[in-house]
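1. Curious how this folds, go ahead:
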Amino acid sequence: ISQPWPDVVLAAVNQFKQGDLLVEPPFFYAAMAAHAVHDQTKAIGDPSTDGDIVVFNPPHTPPYGLITTQTCDICEESPTPKQPWIHIIPAYAIDTGDLSSGRDKLIANHRVGHLIRLTGTDLPNGFWVADLRIEVPVEKSWLVGRRATEAFGSEDEYLRLAERLAGRRKRPALAPAISDHVAGSLRDLLKNKSATRLMLAVRELRLFVPGSRLRPTGAQLLVVTSEPVSSEVRKLLTTWWTEAEIRCRSAGVALLRPRFKILRNLSAEECVDSIPLLYLSHYLKAHRTEYYDRLMAVRNDGDWEGWLRFFLLGVRDTAEEATTNIRAINKMREEHRGNIQEHNLALFQDDGQPTTEPATEANQDVTLSQ
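-> Residues are numbered from 1 along each chain as shown. Have a look, this model is predicted:
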């Protein structure tokens, strides 16, 4: 990257932060019209070509784009900046006809995974959202002469955006045996009537996977609680884990006896070496306002039913998101593995280490770019 950057660009980037809105930024994506999925691809793509760059043109251009790049990466505090692009996602108003059956409340409470409610006071009237399904790069030079529009009405909402973005990228990949038989069966367990006792007693469920997480030979459940758990909750978790162990055994994965740890006795090493299987803290942060409202309702009105319903929804949403994310990662992994095998690229040995074998005639014809 040539240095120095133009002074006008360096001055422009200092006006923006993560979460700011930009008016009518460019949006585009690569596609193959012969197998089109999105309506825009079907409308303007050429099925006779090997690929298209689909550009959103009026009237299909989103009215705003929301900056997802971290603020410190927009305004780099360095005499030699190294990140010439920012990333944006589309922001638009949803037709009120699409907000039936309480969908607006689901979006506002962060229960629609790909949409974020926008509350900036400078936005036109309407129900505004940002869409996490597409993210495009825009060079910072495009920011020259433009101004930001506030996407949210409070600092808490900007912090919640950062948490949502981080949550989408922090998705541990696990073997199908664990994602299906452990994460999947956990979701079924949480639909049980006894899930309320589990939900109130357990702070986190974490998973130890020694060695490779994609080709594991064993795993162990770590149950983190604030206080010692009752024999009833212990039995509930042990029974579920035993049933999962039987299913995993047929896939060559041995599940070890669960470990129960009180949070204050949990070591840093145990946190680093394990991954969250059920993690309610992120959900509570994302729904901070409702969390405190429910607490006050219990204190003032004795509304335990509303409190338990709020927590049950959190457990359900967290479990479903974890299962969906793990399966999506595994699917992507298998697709990439198939592509590599199709091109006969002997890049890695079975143990995951780079191969020292010479390139074959077939893979010499394939160019890899970093």
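2. which other residues reach stretch 2-19?
-> 66-71, 74-76, 79-81, 84, 86, 140-141, 143-148, 151-152, 158, 161-162 (C-beta atoms under 8 Å, 6 or more residues apart in numbering). Quick note: C-beta positions are derived from backbone N, CA and C, even for glycine.
3. Next, the distance between the ends of that stretch.
-> End-to-end span of stretch 2-19 (C-alpha to C-alpha, to the nearest Å): 28 Å.
4. Distance from the chain centre to that stretch, please.
-> Distance of stretch 2-19 from its chain centroid, counting by C-alpha atoms, centre = their mean, to the nearest Å, is 28 Å.
5. how about that stretch: buried residues?
-> Applying a neighbour-count criterion of 16 or more other C-beta atoms under 10 Å, the buried positions in stretch 2-19 are Trp5, Val9, Ala12, Val13, Phe16, Lys17, Gln18, Gly19.
6. Including distance to Phe127, could those residues go into TSV?
-> Shown next, in TSV, are the buried residues of stretch 2-19 (distance: C-beta to C-beta, whole Å):
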residue	distance to Phe127
Trp5	39
Val9	35
Ala12	31
Val13	31
Phe16	25
Lys17	24
Gln18	22
Gly19	18
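7. Cross the residues you listed against helices and list the overlap.
-> Val9, Ala12, Val13 (DSSP state H).
8. Output those residues in JSON lines, with pLDDT appended to each entry.
-> JSON lines is the format used below for these (pLDDT from 0 to 100):
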{"residue": "Val9", "pLDDT": "94"}
{"residue": "Ala12", "pLDDT": "94"}
{"residue": "Val13", "pLDDT": "94"}
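9. does the closest residue to Leu22 other than its chain neighbours sit in a helix, a strand or a coil?
-> Here the nearest residue to Leu22 in space, its sequence neighbours aside, is Gly65; by C-beta to C-beta, 6 or more residues apart in numbering that works out to 4.9 Å. Under DSSP: H, G, I helix; E, B strand; the rest coil, Gly65 falls in the strand class.
10. change the start of the numbering to 226 and stick with it
-> I'll keep to 226 as the first residue from here, and by that count the last item is Gly290.
11. who's in contact with Gly290?
-> Taking C-beta under 8 Å, 6+ apart, one finds Leu246, Leu247, Glu249, Pro250, Phe252, Ile313, Ile314, Pro315, Ala316, Val363 in contact with Gly290.
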